[in-house]
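Asks: Fold the following and give me the result.
(2 chains)
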Amino acid sequence: MAAPAVVFVSPAPLPRPSTVTEHRRATLRGLDSCRSMPELRQYHSRLIRLGLSEDNDSVGRLIKFLALHPSGDLPYALHLLGLLPRPDPFVFNTLLCALPSPAESLLLYSDMLLRSAPNSFTFPSLLKPISAGRDIDAGRQVHAHVLKLGFHPDVFSQNNLIRFYFSCGLAVDARRVFDTMARTDVVSWTTMISGLSKLGSVDEARELFDGMPERNSVSWNAMIAGYVQCGRFKNAFELFDRMRTEGIELDKFVAASMLAACSRMGALEQGEWIHGHIERMGIELDPKLGTTIIDMYCKCGCLDEAFKVFRGLSCRGLSSWNCMIGGLAMHGHGKEAVKLFDEMMKEGVIPDDITLLNVLSACAHAGLVSEGRRYFNYMVGEFRIEPKMEHFGCMVDLLGRAGLLDEAKQVIQEMPMDADAGVLGALLGACKIHGNVDLGEEIGRRVIELDPLNSGRYVLLANLFASVGRWDDAAQVRRLMNDRGVNKEPGCSTIEMGGVVSEFIAGGKSHPQAREIYAMVDEMLERIKSEGYAPDTRGVLHDMDEEEKENPLYYHSEKLAIAFGLLNTRTGDTIRITKNLRVCRDCHAASKLVSKVFDREIIVRDRNRFHRFKGGECSCRDYW
DNA sequence: TTAGGGTTAG
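Replies: Reported below is the predicted structural model:
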């Protein structure tokens, strides 16, 4: 128990009884707006002098501050509770939701049953830490008490039970609570929608959404965010349009959800529109919303705009810095990312593990090997951040990409935990880049066993064999993949034009302009041949199945998207493409030449990073 | 007192 944090300011005489009530009122008002511990101590001493140490209203307010304020003192709050002869439910409820663990909350609740009595605020408070701690047993006990003590008609308690069951992944139990409620409100429905979406049952969520008796912007956003979280952007956009048709005002939460959709899709025009709308409506940019906008611009390839928003934010969160550093990393601007990190440190912002991950990633993408090593060492030595799996993965990528395969391997051997498929995958990728088939084979087989459902792992190993003409081994890996029922993820590129996102699958012909697009690809290839283009088939398997034989290199999805872009934009316009896989060598070489021959800037976001093709060069300087 | 938004290596 912490020492009583009481400061006796001055031994003032006790006021006359007639004025105690006034003093009490003034003190209660003051406590409600109390902002710091020193201020609280002043009020506490005044309460003692007024003889109010056992007054629930007064001490309850002290406890509320001590329990909930960031600079509070929870042990002391509990101490004060112990001193109250007849604590009321309010005091208990305040502490119930502030305790850090379900076990402690439950213990306090049993104390409450002896010294006070639950009211309708008790169960929501109690379920908060239990949901956060995902303690199924504790939650079920509370559920039993809700029923036993007759609180089942209370909507707040029931809504919190729904939330509790979802937080533990128990959708059936959540649904049972919802279905048996005597009365539901918009929060009950929205909690169901949000909970179902988070567990992946977004269609069931939609059924509920369509059947809701009333909706508010929170409900709309829960459904829209549900679609965004599971990658169903088209549904998200459709619902967003419907929401606007129905005259529901776009608030900052819906804006943030839609911006996240734009980020994931690379839909710059839509993202710009929402950003403009936020400004037009005068919606305040809090650090979260600001970060979402920065992320949208970074992921849509507009670093300058991202920086403008970043610099303009009156209040930056750590995430804003992380996001901007990560954005620079993704675009291969390693030195700028490191510079921004230094600026952040100068401003006294304490980095976290994500900051360091982004800094290391920036070094990896830009080939800044010694800087990367230095920051990795700083991480432990200076910042006291324990490196996680991801940081080791990043180091392996940094070293491996630079050709330091032995050192990368050493990092894996010396890691305090067993390397996962991601870390080994980084080394496998490096083996592919540097043509180290022996090490690649050893690592590749381990990666496949660790991550047997990921088609990319098989393809990488098979391509590694194919690149040195080991066709039988390549075919064997490919067969293994097929035997296990793993399908290769088809290459897919999207391009946004006039707010409409068009999608191209490698070799696909379903687009209405397909004929023109294919003709344009042929023209493109013909024209770049004169600049020295020769198809690079090193990345192509020769044991492809029938479907893929029809989809050769020439019609990879990004080539189709570029052709579509050339056909449908004006001379000089930048063509922006988002791809689901990594750009292959051949498309990379072709894109560089197309940017030169057609005098176009082409920005491609692939699975890992951005490539900005201009004048025959790529921003990655072929280091990717 | 309950429901909605942000950053994360390859």
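
Asks: and the residue in the stretch 251-400 of chain A that DNA strand B sits nearest to, how many neighbours?
Replies: Ranked by C-beta to the nearest atom of the strand, the top residue of the stretch 251-400 of chain A for proximity to DNA strand B is A:G393, at 1.8 Å. (C-beta placed from N, C-alpha, C; glycine too.) Neighbourhood size, A:G393 [other C-beta atoms under 10 Å]: 27.

Asks: In this structure it contacts A:V423, no?
Replies: Yes. With contact defined as C-beta atoms under 8 Å, A:G393 reaches A:V423; the gap is 4.3 Å.

Asks: A:E503 belongs to a strand, doesn't it?
Replies: Yes. According to DSSP: H, G, I helix; E, B strand; the rest coil, A:E503 belongs to a strand.

Asks: Count the residues that sit near A:Y554.
Replies: Other residues close to A:Y554 by other C-beta under 10 Å number 17.

Asks: Spell out which residues of the stretch 201-350 of chain A are next to DNA strand B.
Replies: A:216-222, A:225, A:228, A:251-254, A:256-257, A:260, A:263, A:286-289, A:291-292, A:295, A:317-320, A:322-323, A:326, A:329 (C-beta under 7 Å from any atom of the strand).

Asks: Repeat the analysis, applying 6 Å as the threshold.
Replies: Residues of the stretch 201-350 of chain A lying near DNA strand B by C-beta under 6 Å from any atom of the strand: A:216-219, A:221-222, A:225, A:251-254, A:256-257, A:260, A:286-289, A:291-292, A:295, A:317-320, A:322-323, A:326.

Asks: cool, and the stretch 1-150 of chain A?
Replies: A:S120, A:F121, A:P124.

Asks: redo that, cut-off 10 Å
Replies: Within the stretch 1-150 of chain A, the positions adjacent to DNA strand B are A:64, A:90, A:93-94, A:97, A:119-128, A:131-132 by C-beta under 10 Å from any atom of the strand.

Asks: Just the buried ones from those?
Replies: A:64, A:90, A:93-94, A:97, A:119, A:121-128, A:131 (16 or more other C-beta atoms under 10 Å).

Asks: In helices, which of these appear?
Replies: A:64, A:90, A:93-94, A:97, A:122-128, A:131 (DSSP state H).

Asks: what would those look like in CSV with distance to A:F376?
Replies: Formatted as CSV, these follow (distance: C-beta to C-beta, whole Å):
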residue, distance to A:F376
A:K64, 44
A:F90, 51
A:N93, 47
A:T94, 44
A:C97, 40
A:T122, 49
A:F123, 48
A:P124, 45
A:S125, 44
A:L126, 44
A:L127, 42
A:K128, 38
A:S131, 37
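
Asks: Show me where chain A dips below the pLDDT cut-off.
Replies: A:1-19, A:537-552 (pLDDT under 70).

Asks: any idea how far DNA strand B is from A:L83?
Replies: Going from A:L83 to DNA strand B by C-beta to the nearest atom of the strand, to the nearest Å gives 23 Å.

Asks: Apologies, that question was intended for A:I193.
Replies: Applying C-beta to the nearest atom of the strand to A:I193 and DNA strand B gives a distance of 8 Å.

Asks: For burial, what's the neighbour tally of that residue?
Replies: 28.

Asks: any idea which element it lies in?
Replies: helix A:186-198 (DSSP states H and E).

Asks: buried set for that helix?
Replies: A:V187, A:S188, A:W189, A:T190, A:T191, A:M192, A:I193, A:S194, A:G195, A:L196, A:S197, A:K198.

Asks: same check, this time on stretch A:265-280
Replies: A:M265, A:G266, A:A267, A:L268, A:E269, A:Q270, A:G271, A:E272, A:I274, A:H275, A:I278.

Asks: Which two among those are spaced furthest apart?
Replies: Greatest spatial distance among the buried residues of stretch A:265-280 (C-beta to C-beta): A:G266 and A:I278, at 19.5 Å.

Asks: re the thing from before, centre of the chain versus the helix holding A:I193, how much separation?
Replies: The chain centre lies 20 Å from the centre of helix A:186-198; the measure is C-alpha atoms, centre = their mean, to the nearest Å.

Asks: Run through the neighbouring helices and strands of it.
Replies: The contact analysis (3 or more C-beta pairs under 8 Å, 6 or more residues apart in numbering; DSSP states H and E) places helix A:186-198 against helix A:155-167, helix A:171-179, helix A:202-210, helix A:217-229.

Asks: Output these in JSON lines; the columns should cover mean neighbour count.
Replies: Output for the helices and strands packed on helix A:186-198, formatted as JSON lines (neighbours: other C-beta atoms under 10 Å):
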{"stretch": "helix A:155-167", "mean neighbour count": "24"}
{"stretch": "helix A:171-179", "mean neighbour count": "17"}
{"stretch": "helix A:202-210", "mean neighbour count": "17"}
{"stretch": "helix A:217-229", "mean neighbour count": "23"}
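
Asks: export the ones you listed to JSON lines and tack on distance to A:G334?
Replies: Shown next, in JSON lines, are these (distance: least, C-beta to C-beta, whole Å):
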{"stretch": "helix A:155-167", "distance to A:G334": "40"}
{"stretch": "helix A:171-179", "distance to A:G334": "44"}
{"stretch": "helix A:202-210", "distance to A:G334": "38"}
{"stretch": "helix A:217-229", "distance to A:G334": "30"}
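
Asks: Out of those helices, which is closest to A:G282?
Replies: Of the helices and strands packed on helix A:186-198, nearest to A:G282 by C-beta to C-beta is helix A:217-229, at 16.6 Å.

Asks: Could you tell me the angle between that closest one and helix A:202-210?
Replies: 160 degrees (axes from the mean of the first three to the mean of the last three C-alpha atoms, to 10 degrees).

Asks: Give me the packing partners of helix A:217-229, helices and strands only.
Replies: Secondary elements touching helix A:217-229 (3+ C-beta pairs under 8 Å, 6+ apart): helix A:186-198, helix A:202-210, helix A:233-245, helix A:252-265.

Asks: Report all helices and strands that the helix or strand that comes right after the longest one contacts.
Replies: It refers to helix A:252-265. Heading C-terminal from helix A:252-265, the first helix or strand you meet, by DSSP H and E, is helix A:268-280. For helix A:268-280, the packing partners by 3+ C-beta pairs under 8 Å, 6+ apart come out as helix A:252-265, helix A:287-299, strand A:492-497.

Asks: repeat that for 10 Å
Replies: helix A:233-245, helix A:252-265, helix A:287-299, helix A:303-312, strand A:492-497, strand A:500-505, strand A:575-579 (3 or more C-beta pairs under 10 Å, 6 or more residues apart in numbering; DSSP states H and E).
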